[in-house]
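Engineer: Sequence isn't available, so here's the structure alone:
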């Protein structure tokens, strides 16, 4: 198995900061990068708050919290991203991911593994313009990363199977449950879950019911959160982006059609909990 000592994460938003916390808590030297210093500051506050909560619940000790924080380096300099494994959690745009991976590939050796936390962009497309594409794969965490156990390990057409297996062992060592996925639109979870959101939105569009009733019905059926509460947690913009991507990857198959209501929410900046307003208000 490849020896991993340092893990770098690009993108210090909700997902990136959560992944950084997971890696640092598991004993790895961790680098968290973002081009926006203010985003990094918010990430540091969020990680400290999350760790403080675990201390209060007696899940970890104060000493463990301080050790975890000491393992994380926060940086706005891409040249600081020298690591054994680099995980990107940046915006869901293929050209941005290509630009990022090309930049870090140029400053790291060929054994550095390059992983994307993408929800829907095919790994094969990401790897196509990256040197040594056999070391490119998907490591897809779910939000919130410190709490959610499931992680998808996705192999592109050129991904070396040994690299995928090594990453599976690595992430399982962090206390996660890994599933191996092929490079298909939405992979496993977002392919299966898409209709939970899409059908809920269709019911709302057709004025069959209001969103509170739809959520209550699904929760009474055994789901922990209804589709609208869950979209607000994930991020309405993120959820809409994933649906739009899968819709295109399935050649505009009608059953994956993005919702006009969700588009309006995104246009209005109503992104869910992170913006204070989504389908529900959190202000």
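Structural biologist: Structure received. Everything numeric here is computed off the predicted structure, so don't read it as measured data.
Engineer: can we go C-alpha only for contacts and neighbour counts from here?
Structural biologist: Noted.
Engineer: for the stretch 51-200 of the chain, what spans make up the strands?
Structural biologist: 72-75, 85-88, 113-116, 136-141, 150-155, 177-182 (DSSP state E, counting those that start in this stretch).
Engineer: by contact count, what packs against the first one?
Structural biologist: Same thing as strand 72-75. Counting contacts by 3 or more C-alpha pairs under 8 Å, 6 or more residues apart in numbering; DSSP states H and E, strand 72-75 is packed against strand 29-33, helix 37-56.
Engineer: can you put those in a markdown table and add mean pLDDT, mean neighbour count and distance to residue 263?
Structural biologist: Formatted as a markdown table, the helices and strands packed on strand 72-75 follow (pLDDT from 0 to 100; neighbours: other C-alpha atoms under 10 Å; distance: least, C-alpha to C-alpha, whole Å):
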| stretch | mean pLDDT | mean neighbour count | distance to residue 263 |
| --- | --- | --- | --- |
| strand 29-33 | 98 | 26 | 30 |
| helix 37-56 | 97 | 16 | 25 |
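Engineer: export those to CSV and tack on distance to residue 221?
Structural biologist: CSV is the format used below for those (distance: least, C-alpha to C-alpha, whole Å):
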stretch, distance to residue 221
strand 29-33, 39
helix 37-56, 30
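Engineer: Next, the buried residues of stretch 251-263.
Structural biologist: 256, 257, 258, 259, 262, 263 (16 or more other C-alpha atoms under 10 Å).
Engineer: if I pick the closest residue to the first one other than its chain neighbours, what's in contact with it?
Structural biologist: Put plainly, it is residue 256. On the basis of C-alpha to C-alpha, 6 or more residues apart in numbering, the spatially nearest residue to residue 256 that is not a chain neighbour turns out to be residue 247, at 5.1 Å. Listed by C-alpha atoms under 8 Å, 6 or more residues apart in numbering, the contact set of residue 247 reads 253, 254, 256, 257, 258.
Engineer: mind listing which of those are in strands?
Structural biologist: Residues of the contacts of residue 247 located in strands (DSSP state E): none.
Engineer: Noted, bye for now.
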